[in-house]
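A.B. asks: give me a 3D structure for the following:
(chains A, B, C and D)
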4 protein chains.
Amino acid sequence: MANTIGKIFTLTTFGESHGLALGGIIDGCPSNVTISLDFIQSELNRRKPGQSKIVTQRKEADEVKFLSGIFEGKTTGTSIGFIIENENQKSNDYDHLKDTFRPNHADFTYDQKYGNRDYRGGGRSSARETVNWVVAGAIAKQIIPEIKINAFVSSVGEIFIDKPYQELDFSLTETNPVRCPDLETASKMEAYISEIKKEGDSVGGTITCVIQNVPIGLGEPIFDKLHAQLGKAMLSINAVKGFEYGGGFCAAKMKGSEHNDLFNEDGTTRSNLSGGIQGGISNGMDIYFRVAFKPVATLLQKQEVLTNDGKIIEQQGKGRHDPCVVPRAVPIVEALAAMVLVDFTLMDKVNK
Amino acid sequence: MANTIGKIFTLTTFGESHGLALGGIIDGCPSNVTISLDFIQSELNRRKPGQSKIVTQRKEADEVKFLSGIFEGKTTGTSIGFIIENENQKSNDYDHLKDTFRPNHADFTYDQKYGNRDYRGGGRSSARETVNWVVAGAIAKQIIPEIKINAFVSSVGEIFIDKPYQELDFSLTETNPVRCPDLETASKMEAYISEIKKEGDSVGGTITCVIQNVPIGLGEPIFDKLHAQLGKAMLSINAVKGFEYGGGFCAAKMKGSEHNDLFNEDGTTRSNLSGGIQGGISNGMDIYFRVAFKPVATLLQKQEVLTNDGKIIEQQGKGRHDPCVVPRAVPIVEALAAMVLVDFTLMDKVNK
Amino acid sequence: MANTIGKIFTLTTFGESHGLALGGIIDGCPSNVTISLDFIQSELNRRKPGQSKIVTQRKEADEVKFLSGIFEGKTTGTSIGFIIENENQKSNDYDHLKDTFRPNHADFTYDQKYGNRDYRGGGRSSARETVNWVVAGAIAKQIIPEIKINAFVSSVGEIFIDKPYQELDFSLTETNPVRCPDLETASKMEAYISEIKKEGDSVGGTITCVIQNVPIGLGEPIFDKLHAQLGKAMLSINAVKGFEYGGGFCAAKMKGSEHNDLFNEDGTTRSNLSGGIQGGISNGMDIYFRVAFKPVATLLQKQEVLTNDGKIIEQQGKGRHDPCVVPRAVPIVEALAAMVLVDFTLMDKVNK
Amino acid sequence: MANTIGKIFTLTTFGESHGLALGGIIDGCPSNVTISLDFIQSELNRRKPGQSKIVTQRKEADEVKFLSGIFEGKTTGTSIGFIIENENQKSNDYDHLKDTFRPNHADFTYDQKYGNRDYRGGGRSSARETVNWVVAGAIAKQIIPEIKINAFVSSVGEIFIDKPYQELDFSLTETNPVRCPDLETASKMEAYISEIKKEGDSVGGTITCVIQNVPIGLGEPIFDKLHAQLGKAMLSINAVKGFEYGGGFCAAKMKGSEHNDLFNEDGTTRSNLSGGIQGGISNGMDIYFRVAFKPVATLLQKQEVLTNDGKIIEQQGKGRHDPCVVPRAVPIVEALAAMVLVDFTLMDKVNK
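C.D. replies: Numbering: from 1, shown residues only, chains lettered A, B, ... in the order given. Here you go, the predicted model:
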């Protein structure tokens, strides 16, 4: 088990979907950073279930309690401990999972690896864990307020935003339940997700993240390149299957003469297929990347599952699940990006 | 700077493109592993320049010298030190780079971050570094001989293999200079690369990697998921812009009812859109992923560059460069995958 | 700040003396270990204040609450989160510390380093932190029950046990408030500590720790030698000023012909001045080491302190403090030793 | 195996006593540090065998070759690779060790742990490894030239310097072969070592290290306290059995009213039994510590050894060995101290 992310600014987490609480410890946070607890709670609210009709209707207060490391409104440089208590952890909704392995969940692999698992709601493998990340990300954002991180839903199923990000108004992202800043596309997505929900099915999607106002010099080659660390962080999110930045998979089809970003005299570049990173180090241009999410595995349909004595049986999907995970994943993508950027900001100080 | 990859089986490297030597230290290698130096050299030869007309004609012997950690043909459990001497390090080919920043290279970002750089041939940012990875990967492969790792070129520019990997014969990969196991596609690719070379241009491509016979249980959630670590390793390779595994970006367009991999009674799955990994842990099915490479930045054409006193001038690309990097990157992808798999194999022992 | 100990079996902690709670996250604990919560609480009770007349009379329940990682009495292989709530955290006993720096406390250095501190009771620098270590140590002991760890008070001021440890009966350690297994010496120590307490003064002492039934092979040279890691762990305890193992400082006075431990035919040694470790690796003989604790800095006397505006004033020491810290430090030494041994036990699996 | 020391400024090493070469990689060294190679070589010469009659007469050139990371006399911020070639590695002096385990060497424990070892001259467990440390330490010293690190021999056997370090003139340390700045004591030590040498025996000793002009704020509690990291580094040196700093083991005999260091108005302290560290963080006063070395295990006498088929035989000690290790260990102590101080200097930047 590896429950720590980061090298200097680190988050170590714990918690099961239906345990008493989740929580974490942030280490390496600089001292004297003013922390707004309201901002942290507002970020948690963006991730919270039950915000709209197209997300899961499960009720969780998701209130964070800080236990150390913040004193009289400021960080002290000591480790920041926090917990988020689970409200419904005694639920029996998940008893049917005790002896079965659902397709595309981690039930089977956890059981095989550990010989033991908290089966309630996926236990440690549940995306409930991401609540911890949003807390740490909200602190990270307050350390580097000058860097602007904007994630948004760029596709749901076959529906996608057909514009470069430069033409989007990020202030519209939070105005609709899908978190898509292109409002026309947003309503198509919303309608499609409602339809999928009625079918008891689920659908995948992508999130694009644009990071602006990044100082030059973030990233630590050879093995902690900025994009490699961003990629690893994004691939840590439940349901993520792919990551590309800058030109991404399209760049693989291009010629060098088309792809190269020529310089301006001030060191900026005329185009930005590089995605703001050269040789693993930020060059001051916008960083942008795209993350692919598979459809949620839990369906509110009958599905074949494997029992722990080796039989295939039919089981009806129960509970309250997201038909499409990407709207709620937007703040999670931002949180991880913020943590990665703070980590590299602090590492870069060492060299100066 | 972060020059170490791995957590238990670690490789720490050094070396500039035109320094005296490159090299590395492998730590955490189990003792009593029989090591074939011939195999290591054969892997280095796969990566070596000058193998065919479509790769760079630069001459490098790329002979590795082991300095410690292997005694009488076996590992001793102590750290393995090795070097690869550079033969042409006194070349003046790169004097024109001293005062200029080439587009899409790391010249500018290294200069800004460190205020100092070995400009000869890209210095530390050169892909020459990957010679170290092939050495460590060749040792890693000998630790887990039962796991079969097969990478191959799956696309060059717009030309791609139009078959599932299950229909390919991996033994054909090394029979052609492009390293594409579909021979018809291989010759199209080869012809296209020759054409690009004549133009003094370059082109991108993708590599697919298939890993078979993987034991169940490799991967360490939450933050060292097997696919996240593979993704990070691949994103560390020069020129890589994207990574996807299993269903990848296509999965983002699918419905859950299409995407879920239903179980067989023995725990295998009927389909494998998951790509052999559930919840960050291998499930025993084939692991497969795809890596996107941008076109090489160095063109044998005139191109605008930035001078270090802030002027844009035209410069003629010189030297011997690959018009398409993917054929030579195939052994590099395999080497990194092998290192990641050994690392997780050793980590998994801890829990048992 | 560095709030993690261990490499495979890691403990990351948080908490201030007078914050809401202390706690920690244990990562890397193998799955399927049966955990007795009663044993953990009994270890906490050994460390608890108020056990006898010669320790601080402060009241703390020191009840640990586990939040994750243990399910139906067994570890699951996931991270173990726990908290210990502070009962008296709103106390105003420490208001006088807000603007002053006490001698030999960390008030001054924390203030200078972080520019900010939780001054209440020493904040993060308080030995209250060690409550977290006892929790993790009590879990560690349950992972390696075959290894016997016995710490005891071997000296208080000038009073010391004048016998080799082989002549002691460790079952007597817990029978007296000083935790000295030599009962005659124990009563002298107890009387002396009572006298020191009446004077409002404090006194130092040493703890000896003997570890028996250690398997051969624990320790990871070159830089994680078993004794080096034990030394570092012990030097992390508040008030510790020295560490020696085996022959220790006496060995520095000896000749090689006196000091060498000659072998028996079965690989054991006739003498054991090596202290059970050769070249950083356990050799199967008893490990023993000694830890020096300075006298507690807080005195219940008037003492000169520095104010944060650079004046020297007299301040009367207040509160409830230990006149001698070693009796309560015995379970702490054992806890850290247990964590170190588990860490090396798990690391050694990797090589096998 | 753990072959890395440091967290930000790291040294990873390899090499066996009689292999082709030893060497290392320094990572995390800031860029633009001017490096004097002459200074590095002069530090190596301080450690080199054959300097005087009282140390081993073995001949080694100990010339370091830098392979990367230093360009035109300055560090580039990339990893610094270096090697020191062994000259006499084909020596057959050590064939008699193939099948025997010498007392107090690591022969037995390495063999048991790894099932395989390079027996020539102790292989990886040889103190020859420390040549790597001196290289890294000499670079570290050049990063923090303002901090003055002075180690010296403070005792040999029963002979010791009977003065506080404040009365010593450190410029005399290098004027005598024992490296003792008190010249009268130095000649007694020298005579005693010569006598021990004639007997074919060996003797232990202690080194004291004084570090002056340390900025306030170095050290990272809770688990990387400055003294704990210094202690761990010193305990990593071959033959070290103990470490104490400030008041050390004597402090364990004192009362708090005697031991506390009262403040001056400027934040300095009137006494310094704390040894320059409070709560794991430097307070600006002198840091001083003492390290105990056992006598060298190799004796030029007949000694009983264990064979690998379980018999006890007599063996005559051969080769060229130090009768007393402390004179040559002085630069090693300084090197490790310098590395630790640089590491904490860089870490402290992160918080600022």
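A.B. asks: tell me which element whichever residue of the stretch 201-350 of chain A sits closest to chain C falls in.
C.D. replies: Taking Cβ to the nearest Cβ, chain C has its nearest neighbour within the stretch 201-350 of chain A at A:L346, 11.9 Å off. Quick note: C-beta positions are derived from backbone N, CA and C, even for glycine. Element membership for A:L346 (DSSP states H and E) is helix A:326-351.
A.B. asks: what strand or helix carries the residue lying closest to A:H96 once chain neighbours are set aside?
C.D. replies: Spatial nearest neighbour of A:H96, excluding adjacent residues (Cβ to Cβ, 6 or more residues apart in numbering or on different chains): A:Q315 at 6.7 Å. Assessed by DSSP H and E, A:Q315 sits inside strand A:312-316.
A.B. asks: re the thing from before, identify the residue spatially nearest to the residue of the stretch 201-350 of chain A closest to chain C, adjacent ones excluded.
C.D. replies: In this structure, A:L346 finds its nearest non-sequential neighbour in A:I8, 4.3 Å apart by Cβ to Cβ, 6+ apart.
A.B. asks: got the contact list for the one you found?
C.D. replies: A:I8 makes contact with A:28, A:343, A:346-347, D:350, according to Cβ atoms under 8 Å, 6 or more residues apart in numbering or on different chains.
A.B. asks: next, the angle helix A:326-351 makes with the one helix or strand A:E43 maps to.
C.D. replies: Here A:E43 sits within helix A:37-47, counting by DSSP H and E. Interaxial angle, helix A:37-47 versus helix A:326-351 (axes from the mean of the first three to the mean of the last three Cα atoms, to 10 degrees): 140 degrees.
A.B. asks: next one: the helix holding A:L346 to chain centre, how far?
C.D. replies: In terms of Cα atoms, centre = their mean, to the nearest Å, the centre of helix A:326-351 is set 10 Å apart from its chain centre.
A.B. asks: hmm, who's touching the strand holding A:Q315?
C.D. replies: If you take Cβ under 8 Å, 6+ apart as the criterion, strand A:312-316 is touched by A:96, A:100, A:102, A:300-307, B:262-265.
A.B. asks: now swap in stretch A:251-261 and tell me
C.D. replies: If you take Cβ under 8 Å, 6+ apart as the criterion, stretch A:251-261 is touched by A:247, A:269-274, A:285, B:103-104, B:155, B:157-158, B:196, B:201-206, B:241-242, B:292-299, B:301, B:303.
A.B. asks: not counting its neighbours along the chain, what's nearest A:I211?
C.D. replies: Closest residue in space to A:I211, ignoring its immediate chain neighbours: A:I287 at 4.1 Å, by Cβ to Cβ, 6+ apart.
A.B. asks: isn't A:A138 up against A:I332?
C.D. replies: No - A:A138 is beyond contact range of A:I332, at 11.4 Å (criterion: Cβ atoms under 8 Å).
A.B. asks: which one's more surrounded, these two?
C.D. replies: A:I332 (30 against 24; other Cβ atoms under 10 Å in any protein chain shown).
A.B. asks: ok, the more buried one - contacts?
C.D. replies: Residues near A:I332 by Cβ under 8 Å, 6+ apart: A:47, A:130, A:133-134, A:137, A:237.
A.B. asks: thanks a lot, catch you later.
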